[in-house]
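Asker: The following comprises the amino acid sequence and a computationally predicted model.
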There are 2 protein chains.
Amino acid sequence: MSQTSQAEPKTDKSTVLSIDALGAERGLAAVVSGMAKSAQKNPDIQYIVHGPEAEMTPLIKRYPSLTGRCDLRDVSDAVSMGEKPSRALRTGKGTSMWNALETVEKGEATVAVYCGNNGDLKSISMLLLSKPPGVDRPAIAVLWPSRNAAGYNVVLDVGADIRADAQDLLKYAIMGAAYARNGLELTRPRVGLLNVGTEDHKGRAELREAAQMIEAAAPNSDFEYVGFVEGSDISGTKVDIIVTDGFAGNIALKTAEGTAALVRDLLQDAFRHTPFSRLGALFAYTSLRRLSKRIDPRRVNGGVFLGLNGTVVKSHGSADGTGISAAIKLAFILAQNGFSEKLAARVASQGTAVQTGPNKEEQEAS
Amino acid sequence: MSQTSQAEPKTDKSTVLSIDALGAERGLAAVVSGMAKSAQKNPDIQYIVHGPEAEMTPLIKRYPSLTGRCDLRDVSDAVSMGEKPSRALRTGKGTSMWNALETVEKGEATVAVYCGNNGDLKSISMLLLSKPPGVDRPAIAVLWPSRNAAGYNVVLDVGADIRADAQDLLKYAIMGAAYARNGLELTRPRVGLLNVGTEDHKGRAELREAAQMIEAAAPNSDFEYVGFVEGSDISGTKVDIIVTDGFAGNIALKTAEGTAALVRDLLQDAFRHTPFSRLGALFAYTSLRRLSKRIDPRRVNGGVFLGLNGTVVKSHGSADGTGISAAIKLAFILAQNGFSEKLAARVASQGTAVQTGPNKEEQEAS
């Protein structure tokens, strides 16, 4: 771990983010480009960057906004994409991901940003950052474009774990509500449980059990439970937070990304179709750019790993500089808000509140 | 069952469709409007319509295209939306849905069209139309807008059953391939299994087991197995058929509908934003209408219930006249192709082919 000549002493107001530069599918250049974009907009960001020094140094030098703001820690080993989590755990030590998370665990940085594969991040994060009391399964939450006033809904879990029992889904509701209060500034967010229909008898047994538990917990919590919601409600106004397991959540997220990308392509085709439509595109240029920005999955990039002792923002594996910059911006906001501490306190106090409600056995018998 | 004065003897070329007019959320008027649209385009369509005669007769009289082509069967009871399937089964007899399916079972009509809730349709369809040899769980397949040359991919199951084991998923692959050969005219369609990642170790145990079974069946079948696919591949070019259980499939479908609807709304907003963009919209009017038609979920409305002795097309519960007309058009094409008979033959012959491959126990042990 060598401090490069570029690094300068941090200011009092500065917030330190720990970046794993080796995880991204589009390589080091995309990560450094994203860092530069965010650094330019937020003068209080400082970075501890984990990546190969020889390649990183010339990339960082390209951007004046990064001068004196990168503490570069030399590391060349990445956890491979697609490696089994169990193997990643055994071989993870000394990789850029391990070092990036360790920097948060040691308190040198407030939030870590990672751009690769889920499973590996989960295993190593849980080992290094452990889980606060009351959390069995961490979850990845994303901000999802919606018709609500905030412009976004919170969806979790979108892929930290393919399983979730009723107790996990209850914790996701509590954590998601805490995230919505901090990230979307909602005082009493509305929670819905993702299902194949809104009627009470729909879905698997664990979903109906989770519905009872979340409903029982809501009066003692700062959220409202709305009931079962469907896939079409994820981008709607019925709820602010959509709770689901990581299998369904991941499929919903990637399906929405695919749909938005298809529509974007078809829109471009439509505008190229005739001379009139090309002229139309010219007149509507600014409005279309605004729309494109709004539905671009890269712009709302950055899932948050909830349920760890420390905040980890996960960027999309295939994100480019713009996407990585969005993830860094989110990390910066959460770091400044002291989100990790607030969430841990919330889950701990909610855990107590939940225990005053009907217990699991009573609910199963009812 | 009274034959109204409007009905005339069928021609030799005519295809009879059985319509449940009481299932639709938007009421009888939407159903009759959809019937009229399809009747106008396809002179060979004849209807047997199940609904309340007193209300239906004036609605049908509004449309000249329906004159002499509706055999109206008086019925006032509908299976309630949201009724538990078990109750729907006990109380289903004598409802419009029961009668509509019975008309197919008796051979009076070739295909039934229904516009309401899944669970009820499944229970009653399975009772009346039973399952051909080799099928344990029927599935609902939809045509999904995609970048492939055909313009659509096939996705199943999107909600017939929230569960599916490895054997069911294999049958879905076989049935989906048969549907793609008939509906999309593909000689050797490519099949993918929906998962949270493309690596072999991803997902639940039953998914990995299904992957092995589908791969083993492919060489003896007229499809190619591509492997695991993700939500973003549903609208892509990697595969033609996406196989999944009814829980994930239903959530993917409704999420995509919600996303497309959000983008459409935002597009309208973008064009209203400035005088320039309003002018732009004017120039691009025709191209935008074409796009709107392409991404409108109502236009590709009409799932097909696969794995029954008889074809049932399920329209979206909230479809309007345009959507219901799309479902009727699909029913007409399948009826003309003799799809039911072809599919039953395919599953029966594939069942034999599959048994020559490694059996379930051997695969689990490997």
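Answerer: Yep, that arrived. Numbers count the residues shown, from 1 in each chain, chains lettered A, B, ... in the order given.
Asker: Going by residue numbers, what spans are helices in chain A?
Answerer: For chain A, the helices defined by DSSP state H cover A:27-41, A:53-61, A:85-91, A:96-105, A:118-129, A:166-183, A:205-217, A:246-272, A:275-283, A:285-295, A:321-337, A:339-356, A:360-365.
Asker: In terms of mean pLDDT, which of those helices ranks lowest?
Answerer: Taking each of the helices of chain A in turn, the lowest mean pLDDT turns up on helix A:360-365, with a mean of 36.
Asker: what are the C-alpha coordinates of stretch A:213-226, in PDB please?
Answerer: C-alpha atoms of stretch A:213-226 as PDB (Å, rounded to 0.1, in the frame of the first residue of the first chain):
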ATOM      1  CA  MET A 213     -45.300 -10.200   9.700                       C
ATOM      2  CA  ILE A 214     -44.700  -7.000   7.800                       C
ATOM      3  CA  GLU A 215     -48.300  -5.900   8.500                       C
ATOM      4  CA  ALA A 216     -47.800  -6.600  12.200                       C
ATOM      5  CA  ALA A 217     -44.500  -4.700  12.300                       C
ATOM      6  CA  ALA A 218     -45.800  -1.600  10.500                       C
ATOM      7  CA  PRO A 219     -47.700   0.100  13.300                       C
ATOM      8  CA  ASN A 220     -44.500   0.200  15.500                       C
ATOM      9  CA  SER A 221     -42.400   1.300  12.500                       C
ATOM     10  CA  ASP A 222     -42.100   4.400  10.400                       C
ATOM     11  CA  PHE A 223     -43.600   2.800   7.300                       C
ATOM     12  CA  GLU A 224     -47.000   1.800   6.000                       C
ATOM     13  CA  TYR A 225     -47.700  -1.700   4.700                       C
ATOM     14  CA  VAL A 226     -49.800  -1.600   1.500                       C
END
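Asker: any idea how far A:L128 lies from chain B?
Answerer: Separation of A:L128 from chain B (C-beta to the nearest C-beta, to the nearest Å): 23 Å. C-beta: built from backbone N, CA, C; applies to glycine.
Asker: what's near enough to touch that residue?
Answerer: A:98, A:101-102, A:104-105 (C-beta atoms under 8 Å, 6 or more residues apart in numbering or on different chains).
Asker: any chance of these in JSON lines, with neighbour count and distance to chain B too?
Answerer: Output for these, formatted as JSON lines (neighbours: other C-beta atoms under 10 Å in any protein chain shown; distance: C-beta to the nearest C-beta, whole Å):
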{"residue": "A:W98", "neighbour count": "24", "distance to chain B": "21"}
{"residue": "A:L101", "neighbour count": "28", "distance to chain B": "21"}
{"residue": "A:E102", "neighbour count": "18", "distance to chain B": "26"}
{"residue": "A:V104", "neighbour count": "26", "distance to chain B": "25"}
{"residue": "A:E105", "neighbour count": "18", "distance to chain B": "27"}
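Asker: Which pair in those residues has the greatest spatial separation?
Answerer: A:W98 and A:V104 (11.3 Å; C-beta to C-beta).
Asker: one step back: want to throw the helices of chain A into CSV with distance to B:T198?
Answerer: Putting the helices of chain A into CSV (distance: least, C-beta to C-beta, whole Å) gives the following:
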stretch, distance to B:T198
helix A:27-41, 20
helix A:53-61, 28
helix A:85-91, 16
helix A:96-105, 21
helix A:118-129, 13
helix A:166-183, 26
helix A:205-217, 27
helix A:246-272, 11
helix A:275-283, 35
helix A:285-295, 25
helix A:321-337, 20
helix A:339-356, 32
helix A:360-365, 37
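Asker: Out of those, flag the one nearest B:A36.
Answerer: Of those, the one closest to B:A36 (C-beta to C-beta) turns out to be helix A:246-272, at 29.5 Å.
Asker: Quick one: list the elements packing against the closest one.
Answerer: strand A:139-145, strand A:152-156, strand A:190-194, helix A:275-283, helix A:285-295, helix B:246-272, helix B:285-295 (3 or more C-beta pairs under 8 Å, 6 or more residues apart in numbering or on different chains; DSSP states H and E).
Asker: chain center to that helix: distance?
Answerer: 19 Å (C-alpha atoms, centre = their mean, to the nearest Å).
Asker: between that helix and strand B:139-145, how big is the angle?
Answerer: For helix A:246-272 against strand B:139-145, the angle by axes from the mean of the first three to the mean of the last three C-alpha atoms, to 10 degrees is 30 degrees.
Asker: And helix A:246-272, what's buried?
Answerer: A:246-264, A:266-267, A:270-271 (16 or more other C-beta atoms under 10 Å in any protein chain shown).
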